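Asks: Just need the structure, nothing else, for what follows:
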Amino acid sequence: MDNTKKEWLGLPLNLLWGYIAIAVFMTGDGFELAFLSHYITELGFTPAQSSFAFTLYGLAAALSAWVSGVVAEIITPQKTMKIGFILWCVFHVLFLTFGLTQSNYALMLVFYGIRGLAYPLFLYSFIVVIVYNVRSDGVSSALGWFWTVYSIGIGVAGSYIPSLTIPWVGELGTLWLSLVFCGAGGLIAWVALRRVNTPTHMHTLTTSQKLKELSRAVTLLYTNKNVLYSCIVRIVNTLSLFGFAVIMPMMFVDDLGFTTSEWLQVWTVFFATTIFSNVFWGIMGEKIGWMKVVRWFGCIGMALSTLAFYYIPQHFGHNFYMALIPAIALGIFVAAFVPITAMLTTLEPNHKGAAISVYNLSAGLSNFVAPAIAVLLLPYFGTIGVVVAYTALYLIAFLITYFIKVQQPGFETIPANVDEISTT
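Replies: Numbers count the residues shown, from 1 in each chain. The predicted structure follows:
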């Protein structure tokens with residue numbers, strides 16, 4: 001494997017078109033996030049029915065994300081991305097044609113649920129491509145760019161473009177337009193990644209051996225305690241991201257007098273900040289050490305910015321510009337967990353696909369745990385109770401990092417779990 005490819009600020013140029021494919025594909029996949037739930041209710045279905053459709057979709061996506069890394073190793077990332085791309089396009093068309101257009105709830109659930117399997121196969125398989133085509137001491141930076149193009153696609157372009165197209169072609173027309181973006185992203189990846197290095201060590205395995213490797217996505221959690229600890233830290237990583245999306249609209253709009261548009265702009269600034277912070281912390285992880293970045297800037301940074309996201313608006317009231325301060329801080333520090341993927345693949349160098357699957361599982365569990373904590377605590381302790389719980393979990397994650405033992409490439413003489421803050 002040639003690991004000497006050119007790069008720019010940690011971006012591997014040999015994979016540039018792959019990154020572009022991710023951004024374009026996730027733009028199309030993100031179109032529906034801002035309006036599909038409301039559109040389903042406009043068709044005559046109840047909010048509960050709409051929510052159940054998204055719950056089913058999320059469950060399918062979580063399961064797919066969990067196994068995507070191992071599947072990509074077994075059959076190659078390119079084939080896995082191709083399967084995800086084709087699944088998405090086929091079942092999106094079926095979802096629109098026989099589900100939404102016909103207002104057939106049963107078919108909506110079937111086709112939307114199956115489509116939920118698609119995007120993780122496409123998205124997370126590219127992480128395997130990165131791991132096998134980038135020097136081990138450059139994986140963190142490369143993954144920082146991965147999450148950056150992901151944010152550009154699903155978080156920026158995927159939200160902004162529908163605001164322009166819905167007044168023009170309506171919700172259904174916009175959903176058809178998303179097929180163009182996902183189709184373009186899939187085709188770019190199909191062509192651009194044909195000749196990149198792929199893992200081949202599992203191609204000769206028997207079916208039973210492949211199933212055993214697939215099971216490692218589960219067994220690594222109890223056979224490698226460092227993987228388990230890293231998994232817990234990754235779950236904590238995005239608690240505020242997913243949790244604040246649920247609880248903060250109520251505080252900002254209902255309690256502090258912000259308009260819905262103002263709140264959405266605050267949240268957009270947060271997401272836009274991650275575009276730059278993902279790259280920054282990916283590079284810094286290679287410069288000062290993965291664990292320093294995760295421990296001090298991830299765990300402690302998120303603990304402080306989580307508190308600030310509550311207390312600064314509470315102190316200054318309806319002040320849009322002051323509310324941007326904690327939003328930017330949150331966007332800066334939530335990305336400081338980027339090195340965890342590189343840590344996991346280093347902890348399991350012979351089973352990188354399984355390690356990536358564990359990472360994907362952790363991300364999915366964070367999406368579930370964050371609102372679950374809010375649901376449990378809000379009735380009894382209010383918004384501040386949820387904020388304190390998230391803060392406490394970031395501090396617990398800080399302590400857990402001291403139990404993770406991982407040797408970072410390029411830091412041969414200094415373990416990656418040392419706690420000094422000085423630059424190496």
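
Asks: Please identify the helix or strand for the residue nearest the centre of the chain.
Replies: Relative to the mean C-alpha position of the chain, the nearest C-alpha, by CA atoms, centre = their mean, is the one of A363, at 6.4 Å. Per DSSP states H and E, A363 falls inside helix 352-400.

Asks: If you rank every helix and strand of this protein by mean pLDDT, what lands last?
Replies: Least confident element among the helices and strands of the chain, by mean pLDDT, DSSP states H and E: helix 207-223 (a mean of 76).

Asks: what packs against the next helix or strand after that helix?
Replies: Helices and strands here follow DSSP H and E; after helix 207-223, the next one along the chain is helix 225-237. Other helices and strands packing on helix 225-237, by 3 or more CB pairs under 8 Å, 6 or more residues apart in numbering; DSSP states H and E, are helix 207-223, helix 340-347, helix 352-400. The way it works is simple: take the backbone N, C-alpha and C, and place the C-beta from them, glycine included.

Asks: buried residues in the helix or strand following helix 225-237?
Replies: Using DSSP H and E, the helix or strand that follows helix 225-237 in sequence is helix 239-249. Neighbour-count burial for helix 239-249 flags L239, S240, L241, F242, G243, F244, V246, I247, M248, P249 (criterion: 16 or more other CB atoms under 10 Å).

Asks: so the fourth one makes contact with P371?
Replies: Think F242. Yes - in this structure, F242 is within contact of P371 by CB atoms under 8 Å, at 6.3 Å.

Asks: now T401: how far from S261?
Replies: Distance of T401 to S261, given as CB to CB, to the nearest Å: 39 Å.

Asks: And those two? Which one has more around it.
Replies: T401 (20 against 9; other CB atoms under 10 Å).

Asks: Next, the closest residue to that one other than its chain neighbours: secondary structure please.
Replies: Computed as CB to CB, 6 or more residues apart in numbering, the closest residue to T401 that is not its neighbour in sequence is R295, at 4.4 Å. Under the three-state scheme (DSSP: H, G, I helix; E, B strand; the rest coil), R295 adopts helix.

Asks: If I look at the closest residue to G99 other than its chain neighbours, what pLDDT would I see?
Replies: Among residues not flanking G99 along the chain, M108 sits closest, at 3.6 Å (CB to CB, 6+ apart). Looking at M108, its pLDDT reads 96.

Asks: residues near M108, how many?
Replies: If you count neighbours by other CB under 10 Å, M108 ends up with 24.

Asks: ditto for the one 4 residues further on
Replies: Residues lying near Y112 (other CB under 10 Å) number 24.

Asks: Which strand or helix spans it?
Replies: helix 105-115.

Asks: tell me the angle of the following helix or strand past that helix relative to helix 352-400?
Replies: Later in the chain than helix 105-115, the nearest helix or strand by DSSP H and E is helix 118-133. Comparing the axes of helix 118-133 and helix 352-400 via axes from the mean of the first three to the mean of the last three CA atoms, to 10 degrees yields an angle of 90 degrees.

Asks: now helix 118-133: mean pLDDT?
Replies: 91.

Asks: The helix or strand following that helix packs against which elements?
Replies: Counting by DSSP H and E, the next helix or strand C-terminal to helix 118-133 is helix 139-150. Judged by 3+ CB pairs under 8 Å, 6+ apart, the packing partners of helix 139-150 are strand 11-12, helix 16-30, helix 118-133, helix 260-288, helix 340-347.
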